[in-house]
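Student: here are the coordinates; sequence isn't available:
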């Protein structure tokens, strides 16, 4: 068929292309087969264990269908051969001699069913009888092949009458076997595509290649039997490579001998002419039957083993539960019966060449995926991928994938597209429905490989303020009381790094093992349940302050390190278990992770002193980290605040002035700009887009408020921040401050006109803390509280802690007074320039 339509040159090219694709795939199969123990399922087992359950399961189903259709294809081929030999010729009522079998669709279906039942019986008995049957068939086919090769030389030139079906009965054409002839060879070198007499369709390179390729798809027959082989990693490479080389030589030799001895009419009009030229014609018939029966059997047993492996892996749940049942000897009888049923259904399609395209496409897709599995293992560079078969590189895998894909679309663009669509559907279904496996995911190894590569490329020396983003380290003492805060900081990170830090106060010298390892899983499942994009970093330290220092020094990697520390506020409020009330855990199905300890009783001593808490803030600022202190964030019901359909929309109040230093009321220092940036970042988060920013400008009588407002408006315009500015007279508050001292020093400095020394002085907490009275701080608190309507969250300026550590408790006390009763509040101190007016 191939030589008749394509000619010698194109036939040899087809073999070369087909075997090149197959060769590349065989190298990949051998590499995977020699890298660890193989089990039942052959290619499916290799792909699923390398690429994970989604790819494995979807390719497994397609490989099962390919083998099923392949089995049907060979059964139909066998029926064609039987009818050719023993069928009553068209147009005749009764048969003569050996031509006794009636020909019609239903009769041919009956013959196919009988032959398939024969295959079923062999496969049901078990793999050992199948192995013996195949070996016997191999001997028969080898013997027949020998006689055919001899026949080409021994038979004298003869004419072969060919009876062709015609609209009015049948007509006879003469083909001729010329013996070895240069003229015959010359005539058969080029292509001569004509109508295929079995289907009535015009042939082309791709349609001939599709049929031819089915003769090469047996390369997986050995690996499909991986579960039944004694030493699969020894047998599969040797058996598969020798089989591929042997068949390639035989195909090429036969193609050359046919082209040199048979004219084109004989080749195109009679695919069974080898009987007519053989020295012992019945032997050819036996050979054809044996080879086809063997292929049908091998595909049936292959399909059953794949189905059994799929069922055993529980990827499709109860749908394949039946296929798990085996006989006492371990033969998966139910899988064999189910495979036989599906083959029987495919037999109804009738014609051989119709299903050839689909089968070939499926096989090519499986081969491409085997190559992909090997390529992924090679590219992941995992130390445990060290196959004993070394004759492959990522180039061979890539060539195999490219060859398979190109051929798929050449053979049948429609089948190829449909197969890929079907594969994609299966992939998605398995991704969402299949249980997680313990096989190890190649995707994780590949991600690791790529992430490491890109982290090395992320150079901190190339950082630019234009591309600054917040990288958060949130310290969490107990997640039970911090669920809403964890959620809030997730909105603040603006696709930057987010690390949840936790310090365990223990001494490793006194412990038998690391106490943090068992906790890791609880923290990771918490991150999953809360649906935050965060890493977890746990540490062991003698004090919380030491632990936070450790995390600030060591968290992150390369260019991804936290630049902002977030702490909960230090006050005397009793901790509340917000985790149980959090929407992620409020449904009846979800259990709160129990590994987290119960919350501290209100009367119990704290793990952290006030002095140590302020020390942590001071440490972070020394390390040039920005600091956020979050107070009463657990009372922020984000879902309710942001989904209020009623207008006005929720607001975010921003106070970019140091309320503890009323004599330095400026808006253009680093800290104020950082505070503005954080409020703006929160407003950019999807959940907060409805919210509106309100910026408060504190003005005194006689200080030209409109000029100050205009300046601030221009600054916001330059920074592309949309906010409503509200003037707040605060003479009543500042007069309380000036009463403590001897009169105001000429009012506040105009925005942005301070010297460096003054700016440094301004951001600091006053060295003499007694300068600010509690009465003044309470008045400032009242001023903030009076601004209505009440916002969803407030951003306030956090002054730098005093240099004198003895003033730490007073500093904290004044922060507590300033934020008392304000609801969700974030105190912000920024040390890095984060805003840019450049393009």
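Tutor: Yep, that arrived. Since the structure is predicted, the reported quantities are computational estimates derived from the model, not experimental observations.
Student: The closest residue to residue 158 other than its chain neighbours and residue 2, how far apart?
Tutor: Once flanking residues are discounted, residue 158 sits nearest to residue 177: 5.2 Å by C-beta to C-beta, 6 or more residues apart in numbering. For the C-beta atoms, the positions are set from N, CA and C on the backbone; glycine is no exception. Residue 177 sits 18 Å away from residue 2, taking C-beta to C-beta, to the nearest Å as the criterion.
Student: can you give me the strands for the stretch 151-300 of the chain?
Tutor: Assignment of strands within the stretch 151-300 of the chain using DSSP state E, counting those that start in this stretch yields the ranges 158-166, 169-177.
Student: Ok, which of those comes nearest residue 608?
Tutor: strand 158-166 (95.2 Å; C-beta to C-beta).
Student: How about the contacts made by the residue nearest to residue 158?
Tutor: Residues in contact with residue 177, defined by C-beta atoms under 8 Å, 6 or more residues apart in numbering, are 155, 157-160, 261-262, 266, 273, 276-277.
Student: where does the stretch 101-250 of the chain have low pLDDT?
Tutor: 164-170, 214 (pLDDT under 70).
Student: Stretch 727-736: how far from the chain's middle?
Tutor: How far stretch 727-736 lies from its chain's middle: 59 Å, per C-alpha atoms, centre = their mean, to the nearest Å.
Student: Can you give the contact residues for that stretch?
Tutor: Under C-beta under 8 Å, 6+ apart, the answer for stretch 727-736 is 662, 696-701, 705, 709, 744, 773, 775-776, 779-780, 783, 787.
Student: Now do the end-to-end distance for it.
Tutor: Separation of the first and last residues of stretch 727-736 by C-alpha to C-alpha, to the nearest Å is 20 Å.
Student: List the buried residues of it.
Tutor: Of all the residues in stretch 727-736, those buried under the rule 16 or more other C-beta atoms under 10 Å are 728, 730, 733-734, 736.
Student: Secondary structure for those residues - can I get that in JSON lines?
Tutor: Below are the buried residues of stretch 727-736 laid out as JSON lines (DSSP: H, G, I helix; E, B strand; the rest coil):
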{"residue": "728", "secondary structure": "strand"}
{"residue": "730", "secondary structure": "coil"}
{"residue": "733", "secondary structure": "helix"}
{"residue": "734", "secondary structure": "helix"}
{"residue": "736", "secondary structure": "helix"}
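Student: Show me the two of those that sit farthest apart.
Tutor: It's 728 and 736 that sit farthest apart of the buried residues of stretch 727-736, by C-beta to C-beta, at 15.4 Å.
Student: Please pull up the helix or strand immediately following the lowest-mean-pLDDT helix or strand in the chain.
Tutor: Using mean pLDDT, DSSP states H and E, the weakest-scoring helix or strand in the chain turns out to be helix 756-763, at a mean of 46. Sequence-wise, the next helix or strand downstream of helix 756-763 (DSSP states H and E) is helix 774-786.
Student: Can you list the strands that the next helix or strand after that next one pairs with?
Tutor: Where DSSP H and E defines the elements, the next helix or strand beyond helix 774-786 is strand 793-797. Each strand that pairs with strand 793-797, with its direction, by DSSP bridges: strand 651-655 (parallel), strand 825-829 (parallel).
Student: Lowest mean pLDDT across the ones you listed, which one is that?
Tutor: Per-stretch mean pLDDT for those is lowest at strand 651-655 (a mean of 91).
Student: what sits against residue 213?
Tutor: 18, 360, 363-364, 407, 411.
Student: Sort out for me which of those residues are in helices.
Tutor: For those, membership in helices holds for 18, 360, 363-364, 407, 411, with DSSP state H as the criterion.
Student: Just give the number of residues close to residue 705.
Tutor: For residue 705, the count of nearby residues is 16 (other C-beta atoms under 10 Å).
Student: let me redo that: residue 256
Tutor: If you count neighbours by other C-beta under 10 Å, residue 256 ends up with 17.
Student: That one: what's its closest spatial neighbour, skipping adjacent residues?
Tutor: residue 8 (6.9 Å).
Student: Would you mind measuring from the one you found to residue 220?
Tutor: The gap separating residue 8 from residue 220 is 29 Å, by C-beta to C-beta.
Student: Equivalent analysis for residue 346, please.
Tutor: Taking C-beta to C-beta as the measure, residue 346 falls 19 Å from residue 220.
Student: Tell me which of those two has more neighbours.
Tutor: Just comparing residue 346 and residue 220: by other C-beta under 10 Å the higher neighbour count belongs to residue 220, 31 against 22.
Student: What strand or helix carries residue 679?
Tutor: Judged by DSSP H and E, residue 679 forms part of helix 670-684.
Student: how big is the angle separating that helix from strand 651-655?
Tutor: On the basis of axes from the mean of the first three to the mean of the last three C-alpha atoms, to 10 degrees, helix 670-684 is oriented at 180 degrees to strand 651-655.
Student: Going by neighbour count, list what's buried in helix 670-684.
Tutor: 670-683.
Student: what do you get for stretch 181-200?
Tutor: Going by neighbour count (16+ other C-beta under 10 Å), the buried part of stretch 181-200 is 181, 184, 187-188, 191-193, 196.
Student: now stretch 610-623
Tutor: Using 16+ other C-beta under 10 Å as the test for burial, stretch 610-623 gives 610, 612-621.
Student: For residue 19, give its distance to residue 368.
Tutor: 16 Å.
Student: re earlier: looks like the residue nearest to residue 256 contacts residue 255 (just checking).
Tutor: Yes. Counting by C-beta atoms under 8 Å, residue 255 is a contact partner of residue 8 at 6.3 Å.
Student: Quickly list the domain ranges of the protein.
Tutor: Per the TED database, the domain ranges recorded for the chain read 1-91+101-433, 462-739+768-829.
Student: looking at those domains, which is buried most?
Tutor: Stretch with highest mean neighbour count among the domains of the chain: domain 1-91+101-433 (a mean of 19; mean count of other C-beta atoms under 10 Å).
Student: Return the residues in contact with the residue nearest to residue 412 when sequence neighbours are not counted.
Tutor: Nearest non-adjacent residue to residue 412, counting by C-beta to C-beta, 6+ apart: residue 357, 4.2 Å away. Residues in contact with residue 357, defined by C-beta under 8 Å, 6+ apart, are 207, 210, 411-412, 415.
Student: go with 6 Å
Tutor: The contact partners of residue 357, taken as C-beta atoms under 6 Å, 6 or more residues apart in numbering, are 210, 411-412, 415.
Student: Let me have the residues you listed in JSON lines, extended by distance to residue 329.
Tutor: Formatted as JSON lines, the contacts of residue 357 follow (distance: C-beta to C-beta, whole Å):
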{"residue": "210", "distance to residue 329": "39"}
{"residue": "411", "distance to residue 329": "40"}
{"residue": "412", "distance to residue 329": "41"}
{"residue": "415", "distance to residue 329": "39"}
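Student: Of these, which pair is most distant in space?
Tutor: The most widely separated members of these, counting by C-beta to C-beta, are 210 and 415 (8.9 Å).
Student: Thanks a lot, see you next time.
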